[in-house]
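Asker: Fold the following.
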Amino acid sequence: MADTLFLTSEEVDGLATPAEYVEAVRDGYRQRGEGAPALPRQTFRQDDPEGKLTNYSAILPETGAMGGYVYTSGFTGPNAWFVTPIFDAESGAPIALVDGASMNPFKTGATGAVAVDELAREDASTLAVIGSGSQARGQLHTTATVREFESVRVFSPTEENRERFAAEFDDHLEASVEAVDSSSAAVSGADVVIAATKAADPVVDSDDLEPGTHVTAMGQYTPGRNELDPATIERATYVPDLRDRATQDAGSFLAALEAGVIDEDHVHAELGEVVAGTVPGRTSDDELTVFDSGGTGIETVAAAHMLYEKARAKGLGTELSIAPASEALTGRIPENAGD
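Answerer: Modelled structure (predicted):
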């Protein structure tokens, strides 16, 4: 039997700091840049009731862990359910099963923060956030650990939401955080821009982006999602989380391809290659950089394994016994079956 630790969302919540998520995810992407296996998401869709089943996985050999996300969204809920199985990368045995909802904004945000640390200018001091939901929160919590921002401007279409978001983070961060009434007002003059939306039409205009800006877009992980206009992609040193994802489901990259302003060779590097130092990231202060974050097994395994280790140390979680195939895969019917 394998002793597998089950962690509830409540046990995961607050178990690690934003900075700890960033360091775990950074190391995961370094391993990816040195050859660790990972593939883009697979999504299966159903029309009636409308919903989707998604999974993505990765192996992190140095961490000693492998696994990923399996999650559903929509159907008759509507809701989403995130399950994260983690296996030992040497024995193959299951070591953890994590209720993955509460870690999601932080592991995704940590990926964006790693990209900001690698691609933004060192002197970046002004941050624009487009969006005010859970993913925007995760992005800001984690990104604030890699640069000392002096000011943050946030825009989302609903005034009440952006004002609430700004007030929450103005109390939490040393930076001044204010809500503004347009994307342009947030983006103009910003050193770093984060788009964390579900937008079908661009929410960032190239005309508002000054040379030297870094942009992280994390909401365009299906062809119908499109946060950045084609001109931004055309201008940018473009870095996705996984190279193969750019032409699979990266909405803004696909829109720029369709517009004819780029070709498939426009991908500069994967984030892991930049982290590992095999491909340079930013090479000048005037360069516009874009990180396209769609979600991968890399940050999922890295974050979940980090949480597993912290939970073990704190005595958290519930032990589950999972039988190996050598014991349970017999094809026999037990004598007491049906009793």
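
Asker: Could you pull up the mean pLDDT of the single longest helix found in the chain?
Answerer: Longest helix in the chain, counting residues (DSSP state H): helix 297-314. Across helix 297-314, pLDDT averages out at 98.

Asker: swap in stretch 197-216?
Answerer: Here the average pLDDT along stretch 197-216 is 96.

Asker: Repeat that for stretch 266-278.
Answerer: For stretch 266-278, mean pLDDT rounds to 98.

Asker: one step back: buried ones in the longest helix of the chain, by neighbour count?
Answerer: Of the residues in helix 297-314, 297-311 count as buried by neighbour count, 16 or more other Cβ atoms under 10 Å. Quick note: C-beta positions are derived from backbone N, CA and C, even for glycine.

Asker: How about stretch 124-138?
Answerer: Neighbour counts over stretch 124-138 (16+ other Cβ under 10 Å) mark 124, 126-132, 134-138 as buried.

Asker: quick one: which of the residues you listed is nearest Val146?
Answerer: Nearest to Val146, judged by Cβ to Cβ, of those is Ala124 at 9.4 Å.

Asker: Contact partners for that closest one?
Answerer: Neighbouring residues of Ala124 by Cβ atoms under 8 Å, 6 or more residues apart in numbering: 116, 147, 149, 191-192, 214.

Asker: Now, those residues that are in helices?
Answerer: Per DSSP H, the subset of those in helices is Val116.

Asker: Now tabulate the contacts of Ala124 in TSV and tack on neighbour count.
Answerer: Output for those, formatted as TSV (neighbours: other Cβ atoms under 10 Å):
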residue	neighbour count
Val116	28
Arg147	22
Phe149	21
Asp191	21
Val192	26
His214	30
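
Asker: right, and the pair among the contacts of Ala124 with maximum separation?
Answerer: Every pair of those checked by Cβ to Cβ; the farthest is Phe149 and His214, at 12.4 Å.

Asker: Please enumerate the shared neighbours of the two.
Answerer: Both Phe149 and His214 are contacted by 124, 192, under the criterion Cβ under 8 Å, 6+ apart.

Asker: Poorly predicted segments of this protein, please.
Answerer: Along the chain, segments meeting pLDDT under 70 span 338-339.

Asker: out of the buried residues of stretch 124-138, which one sits closest to Gly92?
Answerer: Closest approach between the buried residues of stretch 124-138 and Gly92, by Cβ to Cβ: Gly138, at 31.0 Å.

Asker: May I see the buried residues of stretch 124-138 organised as JSON lines, with secondary structure and distance to Leu257 added?
Answerer: Output for the buried residues of stretch 124-138, formatted as JSON lines (DSSP: H, G, I helix; E, B strand; the rest coil; distance: Cβ to Cβ, whole Å):
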{"residue": "Ala124", "secondary structure": "coil", "distance to Leu257": "29"}
{"residue": "Thr126", "secondary structure": "strand", "distance to Leu257": "31"}
{"residue": "Leu127", "secondary structure": "strand", "distance to Leu257": "29"}
{"residue": "Ala128", "secondary structure": "strand", "distance to Leu257": "26"}
{"residue": "Val129", "secondary structure": "strand", "distance to Leu257": "27"}
{"residue": "Ile130", "secondary structure": "strand", "distance to Leu257": "23"}
{"residue": "Gly131", "secondary structure": "coil", "distance to Leu257": "25"}
{"residue": "Ser132", "secondary structure": "coil", "distance to Leu257": "30"}
{"residue": "Ser134", "secondary structure": "helix", "distance to Leu257": "30"}
{"residue": "Gln135", "secondary structure": "helix", "distance to Leu257": "25"}
{"residue": "Ala136", "secondary structure": "helix", "distance to Leu257": "27"}
{"residue": "Arg137", "secondary structure": "helix", "distance to Leu257": "32"}
{"residue": "Gly138", "secondary structure": "helix", "distance to Leu257": "29"}
